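Peer 1: please find the sequence and the predicted model below.
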Amino acid sequence: MRLGGSILHPYHSPEEWLKEVKALTYSAVIFPVDSSAPLHVQDEYAQCIRENDLVIGEVGVWKNVLSADENEKRRAIDYAKAQLHMAERVGANCCVNIVGSLSTTLWDGYAPGNYSKETYDEIVRITREIIDDVNPKTSSYSLEPMPWMVPDSPEQYLQLIRDIDRPGFSVHLDFANMINGVYRYHDAENFIRHCFRLLGSRIRSIHLKDVKLGDDLPCCIREVMVGQGVLPLHIALEEAEKLGENTTVFTEHYDTHEDYVQATSYVRRLAKEHNINIK
């Protein structure tokens, strides 16, 4: 298994970037430039990654391919295709996005239409279009689960796999994002195991996050620093280890370099306590 996260310090070359990777003890990385970078720059980073025994877990998209603004929607779809093309070129485990949202205020926010049949059909159509345009053989396109849009459960993700019906579609697992109610929160260990059991070998990359129930009504589950919430993260690490040595696990959503140092150190200590091997 490989561990990684974001890099918040600025860098201007593969050498500067690699220095940050080593300081954070990452063995998995998010590809450090996007598809707008010249091909020779992409190749320089890819070569640096290969030469230093790193694994590219993710190429991110993070654009709203369901935007109500048709121009924005088209730009987002085209960017997803370009990112997937790059993921295939550089050998990333997956290119990841969310399905998108019909919200008019937040690109990743809740909207009633997020759960309509018409929206679901459009998600399937767009995802197929992105994958078919690239036809990836080694990388894949994946969708991160979210609390208020498809897929918000492992069962729904499994249904997406069936309906999209493309070998180039894979799973990006974020079990914390699917803990959107007290029952999953209360039974987190079984829920995490259930996610891995149901989605299994289709998982290409994983977000490792922690959550804690707040006192606000009616129900407020907040993301917190790993180790400061209630999730049995060693269970997720045990399950990830079973998927193979190049399975990538990423901590995320921290504000400072020091936060990422703390998170990475905690995960490595936790793995050692439970005899889990992280490269």
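Peer 2: Nice, I can see it. Please read these numbers as outputs of a predicted model, since none were measured by experiment.

Peer 1: need the contact partners of stretch 27-44.
Peer 2: 2-4, 6-7, 11, 14, 17, 21, 45, 49, 53-60, 79, 82-83, 85-87, 89-90, 92, 248-250, 278-279 (Cβ atoms under 8 Å, 6 or more residues apart in numbering). (Each C-beta comes from the backbone N, C-alpha and C, glycine too.)

Peer 1: which ones among these lie within strands?
Peer 2: Among these, DSSP state E puts Arg2, Leu3, Gly4, Val55, Ile56, Gly57, Glu58, Val59, Gly60, Thr248, Val249, Phe250 in strands.

Peer 1: let me see the contact set for the first one.
Peer 2: Right, Arg2. By Cβ under 8 Å, 6+ apart, the contact list for Arg2 reads Ser27, Ala28, Leu54, Val55, Gly57, Glu245, Asn246, Thr247, Thr248, Val249, Ile278, Lys279.

Peer 1: in a markdown table: these, plus distance to Asn177, pLDDT and neighbour count.
Peer 2: As requested, those are exported to a markdown table (distance: Cβ to Cβ, whole Å; pLDDT from 0 to 100; neighbours: other Cβ atoms under 10 Å):
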| residue | distance to Asn177 | pLDDT | neighbour count |
| --- | --- | --- | --- |
| Ser27 | 24 | 98 | 20 |
| Ala28 | 19 | 98 | 25 |
| Leu54 | 25 | 98 | 20 |
| Val55 | 23 | 98 | 22 |
| Gly57 | 17 | 98 | 28 |
| Glu245 | 25 | 93 | 12 |
| Asn246 | 23 | 95 | 15 |
| Thr247 | 18 | 96 | 21 |
| Thr248 | 17 | 98 | 29 |
| Val249 | 15 | 98 | 26 |
| Ile278 | 22 | 97 | 20 |
| Lys279 | 26 | 95 | 12 |
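
Peer 1: any chance of a markdown table for the residues you listed, columns distance to Ser103?
Peer 2: Below are the contacts of Arg2 laid out as a markdown table (distance: Cβ to Cβ, whole Å):
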| residue | distance to Ser103 |
| --- | --- |
| Ser27 | 36 |
| Ala28 | 31 |
| Leu54 | 36 |
| Val55 | 34 |
| Gly57 | 28 |
| Glu245 | 39 |
| Asn246 | 36 |
| Thr247 | 32 |
| Thr248 | 29 |
| Val249 | 29 |
| Ile278 | 37 |
| Lys279 | 39 |
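
Peer 1: one step back: could you flag which of the contacts of stretch 27-44 are buried?
Peer 2: Taking 16 or more other Cβ atoms under 10 Å as the criterion, what is buried in the contacts of stretch 27-44 is 2-4, 6-7, 14, 17, 21, 45, 49, 54-60, 79, 82-83, 85-87, 89-90, 92, 248-250, 278.

Peer 1: strands of the chain, start to end?
Peer 2: Counting by DSSP E, the strands of the chain are 2-4, 28-30, 55-60, 94-97, 141-143, 169-173, 203-207, 210-213, 221-224, 248-250.

Peer 1: just send those strands back as TSV, with distance to Ile126 too.
Peer 2: As requested, the strands of the chain are exported to TSV (distance: least, Cβ to Cβ, whole Å):
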stretch	distance to Ile126
strand 2-4	28
strand 28-30	23
strand 55-60	17
strand 94-97	10
strand 141-143	10
strand 169-173	12
strand 203-207	19
strand 210-213	29
strand 221-224	27
strand 248-250	25
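
Peer 1: so what's Ile77 closest to, chain neighbours aside?
Peer 2: Once flanking residues are discounted, Ile77 sits nearest to Val65: 5.1 Å by Cβ to Cβ, 6 or more residues apart in numbering.

Peer 1: understood, closing this out.
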